[in-house]
Each structure stands twice: as C-alpha cells, then as structure tokens.
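Undergrad: Build the 3D model from these lines:
(4 chains)
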There are 2 protein chains.
Amino acid sequence: MKNPIEALNKIFDSRIRLGVMSIIIANDSVSFNDLKQMLELTDGNLASHLNTLEQAEYLKVQKAFIGKKTNTTYIITPLGKQEFKAHLDALEKMIKGI
Amino acid sequence: MKNPIEALNKIFDSRIRLGVMSIIIANDSVSFNDLKQMLELTDGNLASHLNTLEQAEYLKVQKAFIGKKTNTTYIITPLGKQEFKAHLDALEKMIKGI
DNA sequence: TATTTAACTTTGAAAAACAAAGTGCTTTTA
DNA sequence: TAAAAGCACTTTGTTTTTCAAAGTTAAATA
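TA: Numbers count the residues shown, from 1 in each chain, chains lettered A, B, ... in the order given. Down below sits the predicted model:
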C-alpha cells in the first residue's frame, strides 16, 4: 500500500493558490485586481501567493499596454496546468481509495 | 461573483489531514499505527494532526480491548463526514467554475 | 500639481508544521 | 522475572508558512 499523500502537491495545500489556479484556468487570463477582488485578499498576500506560483513556473505574468496604461495579467503555463491536473487526480484517487 | 475559497474548509488545507480523513472514511476505522505507516509520519506529527481533527469533532477515538491489550482506533463522526464532503463539493465547484 | 490606482516589496508578527525526545503503560521475549 | 519493545501519545524547540500592514514606484486622472 503506497503512501497516498505523496502524490499531492505541497504548493496546492494553500486554498488561496488553489483558488488562483482555478480562476486563471477557467478564465485563461486574469488581472491582479480581479483576483484580488474575487478572492478578497490584501495586495501583499495575493502578490506573495502569485510569486510562489510563479517561482514554481506554474503561472506567468503578461505585461501589456492598453494605450499607455500597463495591464498585468496572469496566465497558466503548460507545467502549471499539468501539475494542477496531477494534483486533482491524486486527490481523487486518494479519496476514492484507488 | 462570490469568493470561491470561502467554502473551502481551512482544516483540510493540510494534505496530511486530508489523507487521514480519506483513509478513515474508506476503512471505517483505522488504528494509530496503520495511519502512521500508511502516511509515513512520525508519532508526534500524526498525533498532532489527529488532535486537530478531534478538536474539530471530525473524528473520535475508540479505545477497546483485544484481550488485555488496548487497541486505539479512529472513526469519523457524522460532522466530520459532512464537512469533508462539503469541502470536496466546494473544491469541485471551484475547479469547474460553478 | 496633487491625488489616486496598479502592482508590487518589505517587514514583522502569528500560526502551523515538523522532528526528536520523553513518558507511562502494557506486552513480549530472553 | 527482568529487560526490551511497542503503543499512543505529550513536550519542546526549530523551521516554515501565512498574513496584514506599510512602504514603494510609475503612470493616470482631477
């Protein structure tokens, strides 16, 4: 019998990071402010979780200009999508006792 | 648009507690040592997570005797089962963007 | 020009996680 | 029957994580 929690990704222990991933995957790209409002977080707290996800290369920043105004949005990387899916699969397996 | 992470239960942020719940639900009742071996944890670490779950009244201890030897097993409470299910439902909804 | 907004970074406190050692009781083994 | 081992913790102390709040920088708006 193998340890079922090994396959769970530590990065996704945090429900904030789980929320960020869910929102970005569902919406393709989301701005800092939208995330902040949806998840009701302080700037610093959101920024640090985004940073954790960026460090892991699960998401990346896209800085674009809308006119002269910078617009920052976040998108999932292929790795991020893969790891998120793997985590959810592992979770499901664990819960169902497979 | 409601904050999707609000419905997630903080107690289940921990993959160890998630693992404990999954195992106990799947097996009805599990001993301390079985949990310890399945999850590959130190005694103290497991005991403290079990304690968190007990404090929340998500599980309870059953002390029985097998002959003269005490046998400690853990079982889920109705509340525990309900909260675990609620958490998983919230997770699923969040992921699917419902 | 002053204020506001966006997207952070920094700081520091509080909480959580964890390993390791210790405890008390029972049971097995030499 | 004395010693060793096992069970189920508790205690201690370190490390890691989380988070809020304040500070920062650049651009936009009044």
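
Undergrad: Scan the helices and strands of chain A for the one with the lowest mean pLDDT.
TA: Between all helices and strands in chain A, the lowest mean by mean pLDDT, DSSP states H and E belongs to strand A:59-66, at a mean of 84.

Undergrad: does chain B sit close to that strand?
TA: No - Strand A:59-66 stays clear of chain B (Cβ under 8 Å from any Cβ of the partner chain), getting no nearer than 15.9 Å. Every C-beta, even on glycine, is put in place using the N, C-alpha and C of the backbone.

Undergrad: what pairs with that strand, and is each one parallel or antiparallel?
TA: Strand A:59-66 has its sheet partners listed here by DSSP bridges as strand A:69-76 (antiparallel).

Undergrad: which other residues reach the strand it pairs with?
TA: A:20-21, A:24-25, A:28-32, A:35, A:50, A:58-65, A:84 (Cβ atoms under 8 Å, 6 or more residues apart in numbering or on different chains).

Undergrad: Isn't A:Gly19 up against A:Glu40?
TA: No - look at A:Gly19 against A:Glu40 with Cβ atoms under 8 Å: they stay out of range, at 10.1 Å.

Undergrad: Looking at the two, which one has more neighbours?
TA: Per other Cβ atoms under 10 Å in any protein chain shown, whichever of A:Gly19 and A:Glu40 has more neighbours is A:Gly19, with 22 against 12.

Undergrad: what about the nearest residue to the more buried one once chain neighbours are set aside, neighbour count?
TA: Residue nearest to A:Gly19 in three dimensions, not counting chain neighbours: B:Ile5, with 4.1 Å by Cβ to Cβ, 6 or more residues apart in numbering or on different chains. Residues near B:Ile5, counting by other Cβ under 10 Å, number 23.

Undergrad: Find the helix or strand that B:Ile5 is a member of.
TA: Following DSSP states H and E, there is no helix or strand that holds B:Ile5.

Undergrad: do the same with A:Leu53
TA: Using DSSP H and E, the element containing A:Leu53 is helix A:43-55.

Undergrad: Flag the shaky bits of chain A, pLDDT-wise.
TA: Where chain A drops to pLDDT under 70, the residues are A:1, A:66-68.

Undergrad: How about the spatially most central residue of chain A: what's its closest non-neighbour residue?
TA: Geometric centre of chain A, nearest residue: A:Met21, 2.7 Å, by Cα atoms, centre = their mean. Once flanking residues are discounted, A:Met21 sits nearest to A:Phe84: 5.1 Å by Cβ to Cβ, 6+ apart.

Undergrad: do the same with A:Leu39
TA: A:Leu39's closest residue in space is A:Gly19 (Cβ to Cβ, 6+ apart), at 5.3 Å.
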